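J.: Let me see the structure of the following:
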Amino acid sequence: MLAGITLAIACGHTPSATPRPAIEEPSLELPLLPRARRDYARCGEPFVIDAHTRIGGPREVASQLARWLGLPESAVGGGAADIDLVYTGGVVHDPAEGPLPIDEQSYVLEIGPGRKPTVSARGRGGLFYGAQTIAQLAGARRIGMPTPPLGPGDRWTLPCVRIEDEPRHAFRGMHLDVARHFFDRAVVERYVDMLAFYKLNVFHWHLTDDQGFRLDLPSHPELKSADGAYSAADVEAVVEHARARGVTVIPEIEMPGHTRSVLAAHPELSCTGEKQETPRTWGVFDDVLCAGNEGSYTLVEEMLRDVVAAFPSRLIHVGGDEVPPTRWEACPKCRAAMKAANVDAIGLEHVFMQRVFDMLAASKRRPMVWDEALPNGPARNPPVVVAWQSKERGELAVQRGFDTVFAPYQALYFNFRQSGRRELEPGHLGHLSWPLVHGFDVEPAPHVLGGEAALWTEYVTTQEDIDTLVLPRMAVHAETLWTGRRPAHELITRSRLQRPMLDASGVRYFVEPPGGTRPRSVVLDVRKVVLETPLFYPDGVVRYTRDGSIPTPASPRYRDPLSIIDTTTLTTALFLPSGRASKPVRALFVKETPRPAVATASAPRVRYYEGRFAKLAEIASPLAEVETDGVSLEAAARALGGRMKRDHFALVFDAVVKIAETGIHRFEIVGDDAARIEVDGELVAEVDTDPWPREADGEIALAAGLHAVRVTYLQGTEDRKLEIVVAGPSGRAPLEIAGVRGASAP
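T.: Okay, here's the model as predicted:
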């Protein structure tokens, strides 16, 4: 009855005299994500759905609505309808072949006053979305499972409302990597159900990578991974499952890089010809398909022929990302190919990909590629570009005239944690909160097809992991693409109204824990702790314990700031009305006295190491040790006189810093790829290896004077960043280095 109650509040006491009342802003609080583009409140009694309700319209869609409402198949057709799904005609495209045009995804839903619920649409896609809106307004829709049948006394209610709805972007996608970790067909189909629930219409199925080849191809059965691959029957079932929900399945076959699983079966197609194993580690590998070997193109053509036969999608993703030039530059065949085409190793990738584009064109299919494969100029059979490196890369692709899907990792890679903390959720290190997703948008324009979010699965192994990482961010992403960015408070309200449907479906969405604490804090005399209710869950209740035990629904409820006067383990958790709770967060408060100043001024020094270190603990055997004028990458480069490489090195700085005031000092460090800071021999803050600029901080009580600091930095590949700030009683400032000769501290 919630929808009907909300309606009464919106309408007040004045009955509507016209089919479209004047009340348009603020819109109804409806349990819809994404929000409808236009909705109009109507005054009147809610429409009641019970076990006797009948549905009229095309059986394919009407049967789905019946299942969503808990009605039997016999409720469809065969008599006077209580709910009508009206197909008004027009050109009908097959969603299995590609995202439908926007007008075929649009619909109008009218509920009362004085008329039965009716969905009108000129395309089956719009009819499907309108039917789904009915099920969600009723609170009945389930994900990945049937809605329980309505019994004699059961009922759903629908508010009186008129909705005119259509998406902003035709292409609204989600990606799933099944190469790093294999997920069976049932998990994949449930993922498609999640997309459909949020009116997303493209499933980008990342089927091959270095760690796995997940298709059983008729022409090359030797490629399939022994630990899991999809049969022809699996593919057909997933495609049909998606088609019925208006979702296009776009397969991805990686090339010429990320092909170690292919080279394990065909080492003769590598540049070295050496036997290779399918790796069980992650990263970018030097071994790729040999671009100077005609056998590589023969294999690719045969693979794509099978893929085209299995997938009706007009778009086929063929990778094109992260191709190191190392092997090609050393390979006689590849060097000969470069000379013949008058290109370097980067240009050779474009030559390789152009041949792949032509292969697909011969099969009347269109290529998709990651933005590393963005052609520099006009291309035969041009690809659709998926811009993952940045929004700017997408804008560049659009400027060059290529159809583009925006998928910047900074906002749409859901494998990065929402909390940034490994003890709270799976996934990659890094912090990608829902407000960052909410903050990303791209305006409709020529060559802008839409957007896509990704889930890479190096650290994702279960269905629950998938749920935890994609939700609620998938909902935020879907709303931006369908409706446009709406005020955060409005999105939060509609998410709260929709949440019971997720709970009833067993969806394990991420519940953010309370904020306001750090893993370790220092107490000198008394410390006031203010706990924060997460913005996305304003209906949550914060509970806590002080003895290290896990909070329960019976634990004290947080109401006022807490006073900490001694060493204490404060544990907090958020409890939702449904009974769901966040994972507990422990914060250690340590009673300390300020450490005395013990260091004496001396010039800072840096030790330099080279190697492909995976962790800070692996650093050993310095190649050089020199005096420096600061603790920074720039200072190290000056001191080493050009010896410092671009990638794959480590630095260890030893310096003395001046602390101006006695009290608690918080050291903040940002590192890409890894860094740590120790003060007077104690570890204070650390970020360990992951290709993402991340920050950490830690507190320590120090007396005014000189203190010894050691900073360790590890550089893997790509970006380099090292920043250190100390926050003391008087504010934040860079480290003040003592003993610098002839230069001021950085």
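J.: My read is that residue 537 contacts residue 573, right?
T.: No - counting by CB atoms under 8 Å, residue 537 does not reach residue 573; the two are 11.7 Å apart. For every residue, glycine as well, the C-beta is placed using N, CA and C.
J.: and residue 79, how many neighbours?
T.: For residue 79, the count of nearby residues is 10 (other CB atoms under 10 Å).
J.: In three-state terms, label it for me.
T.: Here residue 79 is coil, with the state taken from DSSP: H, G, I helix; E, B strand; the rest coil.
J.: and the gap between it and residue 437?
T.: 46 Å (CB to CB, to the nearest Å).
J.: Let me know the distance separating residue 328 from residue 723.
T.: According to CB to CB, residue 328 stands 36 Å off from residue 723.
J.: ok, these two, which is more surrounded?
T.: The neighbour comparison of residue 328 against residue 723 (other CB under 10 Å) goes to residue 328, with 27 against 15.
J.: Residue 542 is in what secondary structure piece?
T.: Using DSSP states H and E, residue 542 sits within strand 541-545.
J.: by contact count, what packs against that strand?
T.: In terms of contacts (3 or more CB pairs under 8 Å, 6 or more residues apart in numbering; DSSP states H and E), strand 541-545 is packed against strand 568-575.
J.: other SSEs contacting the strand it packs on?
T.: Secondary-structure packing of strand 568-575 (3+ CB pairs under 8 Å, 6+ apart): strand 541-545, strand 585-591.
J.: How far does it sit from its chain's centre?
T.: For strand 568-575, the gap between its own C-alpha mean and the chain's C-alpha mean amounts to 27 Å (CA atoms, centre = their mean, to the nearest Å).
J.: and residue 641, how many residues sit next to it?
T.: Using other CB under 10 Å, the number of residues around residue 641 comes to 9.
J.: for the chain, which residue is closest to the average position?
T.: Per CA atoms, centre = their mean, the C-alpha nearest to the average position across the chain is that of residue 414, at 1.5 Å.
J.: List the residues that contact that residue.
T.: Remark: with contacts taken as CB atoms under 8 Å, 6 or more residues apart in numbering, residue 414 is in contact with 427, 432, 453-455, 469-470, 473-474.
J.: Quick check on it: phi, psi?
T.: According to degrees, to the nearest 10, the main-chain angles of residue 414 amount to phi -80, psi 0.
J.: Relative to residue 388, how far out is it?
T.: 13 Å.
J.: and the gap between the residue nearest to the centre of the chain and residue 436?
T.: In this view, residue 414 and residue 436 are 11 Å apart by CB to CB.
J.: Equivalent analysis for residue 634, please.
T.: 29 Å.
J.: When those two are compared, which one has more neighbours?
T.: residue 436 (16 against 12).
J.: Pull up the distance across stretch 478-496, start to finish.
T.: Using CA to CA, to the nearest Å, the end-to-end distance of stretch 478-496 comes out at 16 Å.
J.: which residues touch it?
T.: Here stretch 478-496 makes contact (CB under 8 Å, 6+ apart) with 29-37, 167-169, 172, 198-200, 435, 437-441, 450-451, 472, 475-476, 535-539.
J.: What segments of the stretch 351-500 of the chain are helices?
T.: Under the criterion DSSP state H, counting those that start in this stretch, the stretch 351-500 of the chain contains helices at 391-399, 409-412, 434-439, 463-470, 473-482, 488-504.
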